[in-house]
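Q: have a look; sequence and predicted model below, questions after that.
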Amino acid sequence: MAIAQLTPAERDAALAALPQWSLRTDGLAITRDFRFRNFSEAWGFMSRVALLAEAQDHHPEWSNVYNRVSITLTTHDAGGLSGRDVKLAEAVDTL
Ligand SMILES: C[C@H](O)[C@H](O)[C@H]1CNC2=NC(N)=NC(=O)C2=N1
């Protein structure tokens, strides 16, 4: 299923509204790194993100090392950034 990539103007507006997220150097994804007190809190956060991802049918690329979680959002069906990434990033920011 094809989904439209954000235009450069849409991407810039989205990033301005998501100050804690960074554009990946290739411009095709946004990233945010999180740090928690310990693994249990990191895993609890990941569980909540997983529920958001399932509800939105949009899934992160991520990694976890002990108390750190790195999230990359990109839309595989678009080959880059789409509104779905912005929506999930906004939801993650509310956790
Ligand atoms: C069939 C299913 O809806 C699609 O494969 C969804 C699932 N989750 C997804 N997640 C992400 N990040 N990109 C996608 O293109 C995507 N597509």
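A: Arrived safely.
Q: hey, where'd the strands end up in this structure?
A: Ranges of strands within the chain are 22-23, 30-35, 61-65, 68-73, based on DSSP state E.
Q: and the helices in this protein?
A: For the chain, applying DSSP state H gives helices covering 8-16, 39-56, 83-93.
Q: buried deepest among the strands of the chain, which one?
A: With neighbours defined as mean count of other CB atoms under 10 Å, the strands of the chain peak in mean count at strand 68-73, which reaches a mean of 19. For glycine as for every other residue, the C-beta is placed from the backbone atoms N, C-alpha and C.
Q: quick one: strands adjacent to that strand?
A: strand 30-35 (antiparallel), strand 61-65 (antiparallel) (DSSP bridges).
Q: thinking again about what came up before, can I get the strands of the chain in TSV with distance to the ligand?
A: Listed next are the strands of the chain as TSV, based on distance: least, CB to the nearest ligand atom, whole Å:
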stretch	distance to the ligand
strand 22-23	16
strand 30-35	11
strand 61-65	7
strand 68-73	7
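Q: okay, the strands paired with strand 68-73 in CSV with mean pLDDT next?
A: Converted to CSV, the strands paired with strand 68-73 look like this (pLDDT from 0 to 100):
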stretch, mean pLDDT
strand 30-35, 98
strand 61-65, 98
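Q: in JSON lines: the ones you listed, plus distance to T94.
A: Output for the strands paired with strand 68-73, formatted as JSON lines (distance: least, CB to CB, whole Å):
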{"stretch": "strand 30-35", "distance to T94": "13"}
{"stretch": "strand 61-65", "distance to T94": "17"}
